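**Q** I'll drop the sequence and a predicted model, then ask my questions.
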Amino acid sequence: MNIYVVMKRTFDTEEKISIQNGKISEESAEFIINPYDEYAIEEALKLREEHGGEVTVVTIGEEEAEKELRTALAMGADKAVLIDEEELEEGDEFSTTAILSAYFKEKALDIILAGNVTVDGGSGQVGPRLAEELEISIVTTITKLSIEGNKAVIERDAEGDVETIETTLPLLVTCQQGLNEPRYPSLPGIMKAKKKPLEKLELEDLDLNEDGVEAKTKVVERFLPPVKGEGKILEGEISQQVKELTSLLVTEAKVI
């Protein structure tokens, strides 16, 4: 089975970040594999364990993304591909899809797995866009996946309910929390990852140029959420607390 994972290097939202000149400061940020992509990698490894084949992890980024690719290889992936986007001043979902579709168009693939969203962008557009370009089926926000022969049976989250879908390969799915529990890289896995193949491609290797994948959208501004003010503890009798609360909602919060 030819199994591919689309992965992204993102900043760790559990660590402190700062914004300088409208961009995330890379000096102050910690970078990791996008957490939702970890579910995709884990599910890909489980599929290989059950059906055999090969897992290839693909990312678009600059040289620094090699670290996250090596982590994916240490988890158990067989190969990694880094598509260098250094030539691009600014990319968006269109750019990402154009690059990935150029890479995948000549590949014999059975399934592509990706995270449902990225924690730095959160649009959830790349998976559906890519499936459309490749003219293959897509199922998003999956929580269970089983494949037998050419048929896939999938459970997906449907706003608090569960939807069961049957479809055929080739297929693209986007993964979310609840699908599995991603494994940690083992020490032997980390050692083996150093020797596993990591292919590096430029845009020209995919017959692309900067103009052809130029972003269709523009980021106008980036800013951190406003700092929350201190809370207040109301004291006294209940009737007194109600009056004070009402007054605060009118005069300070101005919500009534």
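**A** Alright, I've got the coordinates.

**Q** how about the nearest residue in space to residue 120 that is not next to it in sequence, secondary structure?
**A** In space, and not counting its chain neighbours, residue 120 is closest to residue 10: 4.5 Å by Cβ to Cβ, 6 or more residues apart in numbering. (Each C-beta comes from the backbone N, C-alpha and C, glycine too.) Following DSSP: H, G, I helix; E, B strand; the rest coil, we place residue 10 in the strand state.

**Q** Name all residues that make contact with residue 10.
**A** With contacts defined as Cβ atoms under 8 Å, 6 or more residues apart in numbering, the neighbours of residue 10 are 31-35, 118-120.

**Q** In CSV, list the residues you listed along with distance to residue 203.
**A** What follows is the contacts of residue 10, written out as CSV (distance: Cβ to Cβ, whole Å):
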residue, distance to residue 203
31, 22
32, 25
33, 23
34, 22
35, 28
118, 21
119, 26
120, 22
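
**Q** need the strands for the chain, in chain order.
**A** Using DSSP state E, the strands of the chain run over 2-7, 9-11, 19-20, 23-24, 31-33, 54-61, 79-84, 111-115, 137-148, 151-158, 161-168, 171-175, 198-201.

**Q** And the ones you listed: which comes nearest residue 230?
**A** strand 19-20 (23.9 Å; Cβ to Cβ).

**Q** Could you report the pLDDT at the residue nearest to residue 70 when sequence neighbours are not counted?
**A** Residue nearest to residue 70 in three dimensions, not counting chain neighbours: residue 193, with 5.1 Å by Cβ to Cβ, 6+ apart. Residue 193 is assigned a pLDDT of 95 by the prediction.

**Q** Take the strands of the chain and lay them out in TSV including distance to residue 216 and mean pLDDT.
**A** Shown next, in TSV, are the strands of the chain (distance: least, Cβ to Cβ, whole Å; pLDDT from 0 to 100):
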stretch	distance to residue 216	mean pLDDT
strand 2-7	20	98
strand 9-11	21	91
strand 19-20	23	77
strand 23-24	19	74
strand 31-33	26	94
strand 54-61	16	97
strand 79-84	19	96
strand 111-115	20	97
strand 137-148	21	96
strand 151-158	28	94
strand 161-168	29	95
strand 171-175	21	97
strand 198-201	23	96
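
**Q** And those strands: which comes nearest residue 94?
**A** strand 54-61 (12.5 Å).

**Q** what's the angle from that closest one to strand 2-7?
**A** Counting by axes from the mean of the first three to the mean of the last three Cα atoms, to 10 degrees, strand 54-61 lies at 30 degrees to strand 2-7.

**Q** List the buried residues for strand 54-61?
**A** Under the neighbour-count criterion of 16 or more other Cβ atoms under 10 Å, strand 54-61 has 55-61 buried.

**Q** and which of the residues you listed is nearest to residue 135?
**A** Nearest to residue 135 among these is residue 58, at 18.6 Å by Cβ to Cβ.

**Q** any idea how far the closest one lies from residue 5?
**A** Distance, residue 58 to residue 5, using Cβ to Cβ, to the nearest Å: 7 Å.
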